[in-house]
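Colleague: predicted coordinates and the sequence they were generated for:
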Amino acid sequence: MTELEAVNMLLRSIGSGAVAALTVGHPDIANAIACLNRVSRKVQKTGWWFNMDWNVVLQPNPVDNLILLDDSYSTLQCVNAMLVKRSGKLYDTYNKTFLFTNDVQVISAVRILEWDDLPESAQDAILYQAAVEFVRDELEDPNKQKELQGEAIATRITLDKEELATLQHNRYQNGRVARARGGVKPYGMNSRQGRFSGDPDR
């Protein structure tokens, strides 16, 4: 689904006509785009399999010792928990400084992706939640809002299921589990139990 298709769906939800491009002058298009972007950011800030970066190393600029963070960064979990994003830069809240002389190890980082980079399940969940809020703000039609809320719940459930399935798949790709499932004792067919059992992560 393109962003234009998503915006046109929002426009149709309030009875407005579709547009041929996002740049077309339209009384409701700016509000539709703003609503879609707001909900997209809100949903993505949770952190999903598709927008989490792991083990990131941030390097300070050798000239001014600043670490600039682009707008896509939402949340950072650093080895040093006193580091946060502020004014587009990494900030040390303990030492109260933007200056860094060493690289910074980031455990995980949530990025806000552009619409076209989102998986279909995320697009659907964001779109229908945006439709609920758009109808609420523009029409104040509780019946229409209730109808869309059902679709929003269904698409969010689909997104949650895909998240769980992906995490489960990734869990069984780690080295320890792969060895266990590959037949390395004590989990292999030569063991007394003859099959995999128990929690290999313990």
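Modeller: Nice, thanks for sending it over. Just so you know, these numbers come straight off a predicted model, no measurement behind them.
Colleague: what's the average pLDDT for stretch 41-61?
Modeller: The pLDDT scores in stretch 41-61 average 95.
Colleague: actually stretch 155-170, sorry about that
Modeller: Mean pLDDT, stretch 155-170: 91.
Colleague: tell me how far that stretch is from the chain's mean position?
Modeller: Relative to its chain's centre, stretch 155-170 lies at 12 Å (CA atoms, centre = their mean, to the nearest Å).
Colleague: which residues does it contact?
Modeller: Contacts to stretch 155-170, defined as CB atoms under 8 Å, 6 or more residues apart in numbering, come from residues 48-49, 119, 121-122, 124-125, 127-129. The C-beta positions use only the backbone N, C-alpha and C, and glycine is treated the same way.
Colleague: give me the buried subset of those.
Modeller: When these are checked for burial by 16 or more other CB atoms under 10 Å, the buried set is 48, 119, 121-122, 124-125, 127-129.
Colleague: report the two of these separated the most.
Modeller: Among these, the pair separated by the greatest distance (CB to CB) is Trp48 and Tyr128, at 16.6 Å.
Colleague: what ranges of this structure fall below the confidence cut-off?
Modeller: Applying pLDDT under 70 to the chain flags residues 80-81, 171-202.
Colleague: center of it, which residue is that?
Modeller: The residue lying closest to the centre of the chain (CA atoms, centre = their mean) is Gln44, at 3.3 Å.
Colleague: from what I can see Leu66 touches Pro60, true?
Modeller: Yes. Counting by CB atoms under 8 Å, Pro60 is a contact partner of Leu66 at 6.4 Å.
Colleague: overlap in contacts, those two.
Modeller: With contacts taken as CB under 8 Å, 6+ apart, Leu66 and Pro60 have 99-100 as neighbours in common.
Colleague: which of these two has more neighbours?
Modeller: Between Leu66 and Pro60, counting by other CB atoms under 10 Å, Pro60 is the more crowded of the two (18 against 15).
Colleague: okay, now the domains of this protein?
Modeller: Listed by automatic domain parsing, the domain ranges of the chain are 3-46+121-171, 52-111.
Colleague: comparing the ones you listed, which comes out most buried?
Modeller: Of all the domains of the chain, domain 3-46+121-171 carries the top mean neighbour count, a mean of 17, counting by mean count of other CB atoms under 10 Å.
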